[in-house]
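Visitor: After the sequence you'll find the predicted model.
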Amino acid sequence: MEDEIPILLHPEIGIHWSRMRPKILPRNGHDTGYMEMMIKDMPYALSKFDGLDLQTLVLGCTSASIMETSKLIKIPKKYRDFRFISAFDSVIGQLTKLSAKSIMLIAPYDVKTIEAETFALKKAGFLVKKSVILDYDHEIRFIPPSNIIEIFLKEIIEGVDAVFFSCTALNTVTAFSELQNSHNVTIPLLSSNIAIAREINDQYKISMLK
């Protein structure tokens, strides 16, 4: 997320980070226990922003933001007037703007998590025609663009309005550029990071019109 969001945002938008990460990242970083602990730590993470002039707060984890627990986050009173969006909120917003009704989902998740996201997308009005697990050896952020390109070209199906690559740890900008420029891919490609950046950029444009 830290690698892609800065290059996707309008240059006048400042970013402040508060990282929530265990000392040792488990092989399956998306297990329920880990996500719930991270969500409960949100108020503490927000305390790191004390004294800063902020307009928007972002929960930058797609799989955490589809969990029911994320809806119970206790935002400190001093931050309640700020706009709060999650990675999943951003994805829904951008899929809606793309007028995408049916999608293909690709994610570096375990079966349980990808099924949960498929269900969450369905509840939001999107049909996941195909879901594909993107495997990795070490950490998600080290998945190379070549793997993303390969799995897309291998798994893509007809009849979908967009392809969504889930997870903010997944770096997709380089892969998307190559797919569009070298492989003539015209179907809309969306990632969690791109969705977040577009939501923030859209809000910035609206604020500039006021």
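Guide: Cool, the structure landed.
Visitor: Next, report how far the biggest helix by length in the chain is displaced from the centre of its chain.
Guide: The longest helix of the chain (DSSP state H) is helix 192-209. Averaging C-alpha positions (C-alpha atoms, centre = their mean, to the nearest Å) puts helix 192-209 14 Å from its chain's average.
Visitor: got it, and stretch 143-162?
Guide: Remark: stretch 143-162 is offset 17 Å from the chain centroid, using C-alpha atoms, centre = their mean.
Visitor: Mind checking the pLDDT average for it?
Guide: The pLDDT scores in stretch 143-162 average 97.
Visitor: Can you list the buried residues in it?
Guide: Across stretch 143-162, burial judged by 16 or more other C-beta atoms under 10 Å covers 143, 145, 147-149, 151-152, 156, 160-162. Where C-beta positions appear, they are placed from N, C-alpha and C, glycine not excepted.
Visitor: Out of the residues you listed, list just those in strands.
Guide: Assigned to strands by DSSP state E, the following of those qualify: residue 162.
Visitor: Would you reformat the buried residues of stretch 143-162 as a markdown table and include distance to residue 186?
Guide: Shown next, in a markdown table, are the buried residues of stretch 143-162 (distance: C-beta to C-beta, whole Å):
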| residue | distance to residue 186 |
| --- | --- |
| 143 | 24 |
| 145 | 19 |
| 147 | 22 |
| 148 | 17 |
| 149 | 15 |
| 151 | 18 |
| 152 | 13 |
| 156 | 12 |
| 160 | 12 |
| 161 | 12 |
| 162 | 11 |
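Visitor: Inside helices: which ones of the buried residues of stretch 143-162?
Guide: Per DSSP H, the subset of those in helices is 145, 147-149, 151-152.
Visitor: mind putting those residues in TSV, distance to residue 2 included?
Guide: Output for those, formatted as TSV (distance: C-beta to C-beta, whole Å):
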residue	distance to residue 2
145	17
147	20
148	18
149	22
151	24
152	24
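Visitor: Out of those residues, which is nearest to residue 89?
Guide: residue 148 (23.5 Å; C-beta to C-beta).
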